[in-house]
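Visitor: Give me the fold of what follows.
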Amino acid sequence: MYVGTGQRRYRTLSIRIIKWTLIAGLGFFAVLILERLATMGWTTTTTNKKTTTTRGLDDDLPLDHGVLFAITAGGSALCFVLFMMVDNEVWIERARSLRRGAYLSGLFWFNVEVWGRVVYTLIHWS
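Guide: Reported below is the predicted structural model:
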């Protein structure tokens with residue numbers, strides 16, 4: 001409506017809608033991530049009708065991969081939401097800085113995964 005009418009109240013309303021939509025989406029994904037992190041590394045084994053849950057590393061779900069990327073990306077998103085809420089330039093600069101860190105750690109993580117698999121394949125070639 002703001003584009004069509006140019007009235008400031010529609011701009012304010014649209015910013016509020018976008019802000020709360022972003023907050024709701026981030027909350028939703030935060031719950032999903034926390035749920036996933038809560039079960040990481042726990043293995044359940046059943047022997048003779050006895051179920052035991054132990055803490056240990058799984059090959060399917062390693063604990064250390066991408067954690068730095070997730071923290072910096074989440075911090076960037078949180079800083080952006082804070083910028084939208086308080087309209088302070090400090091928060092957008094922090095969000096940009098954390099976004100750069102997320103790109104860097106994500107690319108590093110990807111390269112370690114890919115080239116680690118290549119080296120592993122070359123070493124264990126039969």
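Visitor: now the helices for the protein?
Guide: Applying DSSP state H to the chain gives helices spanning 2-5, 8-39, 67-86, 89-123.
Visitor: if you compare those, which one is most tucked away?
Guide: helix 67-86 (a mean of 17; mean count of other CB atoms under 10 Å). Every C-beta, even on glycine, is put in place using the N, C-alpha and C of the backbone.
Visitor: helices and strands around it, which ones?
Guide: When contacts are defined as 3 or more CB pairs under 8 Å, 6 or more residues apart in numbering; DSSP states H and E, helix 67-86 packs onto helix 8-39, helix 89-123.
Visitor: Worst mean pLDDT among these?
Guide: Among these, helix 8-39 has the lowest mean pLDDT, at a mean of 83.
Visitor: angle of it against helix 67-86?
Guide: Helix 8-39 and helix 67-86 are oriented at 160 degrees to each other (axes from the mean of the first three to the mean of the last three CA atoms, to 10 degrees).
Visitor: Could you measure from the nearest residue to I15 once chain neighbours are set aside over to G101?
Guide: Residue nearest to I15 in three dimensions, not counting chain neighbours: M84, with 7.2 Å by CB to CB, 6 or more residues apart in numbering. Per CB to CB, to the nearest Å, M84 is found 20 Å from G101.
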